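**Q** Turn this into a model:
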Amino acid sequence: MSESSFGLQFLEPSPLTTPEASMQESPLSQAGSSDGPHRVLYYLVKTQQISSYVFTGFLGIHWFTTGILPLVSNPEAVDNSLLLSRVLYQNELIEPCIVLGSVGAHVLSGVTLRGIRRARKYRKSGQLTWLKDFNILQGSGYLLIPTVAIHFGIVRLLPLLKDGGSESIGIGFLGHGFARLRYLSWLIYPTLAAASTFHVVQGWARWQCYPKRKKSRTWCLIAVVSGAWLASIVRISKIGRAVGHLGRHYDELYNVIPNFS
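**A** Next up, the predicted model:
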């Protein structure tokens, strides 16, 4: 009796789909172990990971004071909260080490990692492909480099050089900026809100090997966090110019910045 009479059919063997198959591959596993020739890549990935954890703490405080409070409080209450939160991260030790240090370590390790990997592929293929395999997560990170630098220069470095501190800088200063530098403000701050939220949430999902089948939850979190931030930006933009002595002081600071409006 033939096998076909029983309706049997030969099939090619294929691996079973398991929950692990739907997990994102760990960046540390891609870098290899901490021994041997992969040691440099391993520690670069580890530096990038730890620095992102450190900076997320600061970003969480910043999101609450600039992304939530402007929606539920008046400008004076928000400015008081900003002054209080700056005690935590704007001092001679924490700011250069925790805030600037974590950002610098994250950017430098990421750029170095990409350079090493591109150099290895160049030695194998003979083609320089810096943008090959360039995904949205990496793109958002590179987009944040100039936008974060401009934001830091406006709200922190410029007042520090002119006034010796940021005590007079609050959301009123940002509202004044939307009136003075309309195009630049609408370019920088929505980009910061959307790109930083996406980069941080997706980055954490990657570090934690969050299942790809649950990516809808990740996108939901991105939408909620960035949506609140964007709504706060719209509300801050409606504050308008400051008046009196404070308005003149803000004008002196913003006069340093080219006006493209």
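
**Q** give me the low-pLDDT residue ranges for the chain?
**A** 1-37, 128-132, 259-261 (pLDDT under 70).

**Q** how about 80 then?
**A** In the predicted model of the chain, residues 1-38, 88, 90-92, 122, 125-134, 211-214, 258-261 satisfy pLDDT under 80.

**Q** Just give me the residue closest to the centre of it.
**A** Ser196 (3.0 Å; C-alpha atoms, centre = their mean).

**Q** Quick one: residues contacting it.
**A** With contact set as C-beta atoms under 8 Å, 6 or more residues apart in numbering, Ser196 has these partners: 59, 144, 148. Yep, even glycine has a C-beta here, placed from its N, CA and C like the rest.

**Q** Now with 7 Å, please.
**A** Contacts of Ser196 were listed using C-beta atoms under 7 Å, 6 or more residues apart in numbering, and they are 59, 144.

**Q** Provide the backbone phi and psi angles at it.
**A** phi -70, psi -40 (degrees, to the nearest 10).

**Q** distance of it from Arg39?
**A** Here the criterion is C-beta to C-beta, to the nearest Å. By it, Ser196 lies 31 Å from Arg39.

**Q** any residues touching the helix or strand hosting Ile150, and which ones?
**A** Using DSSP states H and E, Ile150 falls within helix 136-152. Residues outside helix 136-152 that contact it (C-beta under 7 Å, 6+ apart) are 107, 110, 188, 191-192, 195-196, 198-199, 202-203, 206.

**Q** can you pull out the helices in the chain?
**A** 27-31, 39-63, 69-72, 75-89, 94, 100-125, 136-152, 158-163, 171-180, 182-207, 215-237, 244-254 (DSSP state H).

**Q** number of nearby residues for Leu83?
**A** Residues lying near Leu83 (other C-beta atoms under 10 Å) number 15.

**Q** what's the closest non-adjacent residue to it?
**A** Glu167 (7.3 Å; C-beta to C-beta, 6 or more residues apart in numbering).

**Q** Just give the number of residues close to that neighbour.
**A** By other C-beta under 10 Å, the residues close to Glu167 number 11.

**Q** Phi, psi for it please.
**A** Per-residue torsions, Glu167: phi -60, psi -30 (degrees, to the nearest 10).

**Q** From Gly60, how far off is it?
**A** Applying C-beta to C-beta to Glu167 and Gly60 gives a distance of 23 Å.

**Q** for Gly67, same thing?
**A** Counting by C-beta to C-beta - Gly67 and Gly60 are separated by 10 Å.

**Q** Who has more neighbours out of these two?
**A** Gly67 (21 against 13).

**Q** distance of the residue lying closest to that one once chain neighbours are set aside from Ile68?
**A** Once flanking residues are discounted, Gly67 sits nearest to Trp229: 4.0 Å by C-beta to C-beta, 6+ apart. Separation of Trp229 from Ile68 (C-beta to C-beta) stands at 9 Å.

**Q** Between the two, which has more neighbouring residues?
**A** Ranked by neighbour count (other C-beta under 10 Å), Trp229 and Ile68 place Trp229 first, with 23 against 17.

**Q** Run through the residues that contact the more buried one.
**A** With C-beta under 7 Å, 6+ apart, Trp229 has these contacts: 63, 67, 193, 197.

**Q** For stretch 154-172, buried residues please.
**A** Within stretch 154-172, the residues that qualify as buried are 154-156, 158-159, 166, 168-172, counting by 16 or more other C-beta atoms under 10 Å.

**Q** Mind putting these into CSV with distance to Ile236?
**A** Converted to CSV, these look like this (distance: C-beta to C-beta, whole Å):
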residue, distance to Ile236
Ile154, 14
Val155, 12
Arg156, 17
Leu158, 18
Pro159, 17
Ser166, 16
Ser168, 16
Ile169, 13
Gly170, 10
Ile171, 5
Gly172, 9
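
**Q** most packed of the helices of the chain?
**A** Among the helices of the chain, the stretch with the highest mean neighbour count (mean count of other C-beta atoms under 10 Å) is helix 171-180, at a mean of 21.

**Q** Pull the residues that contact it.
**A** With contact meaning C-beta under 7 Å, 6+ apart, helix 171-180 is reached by 70, 75, 78-79, 185, 236-237, 239-242, 247, 250, 254, 259.
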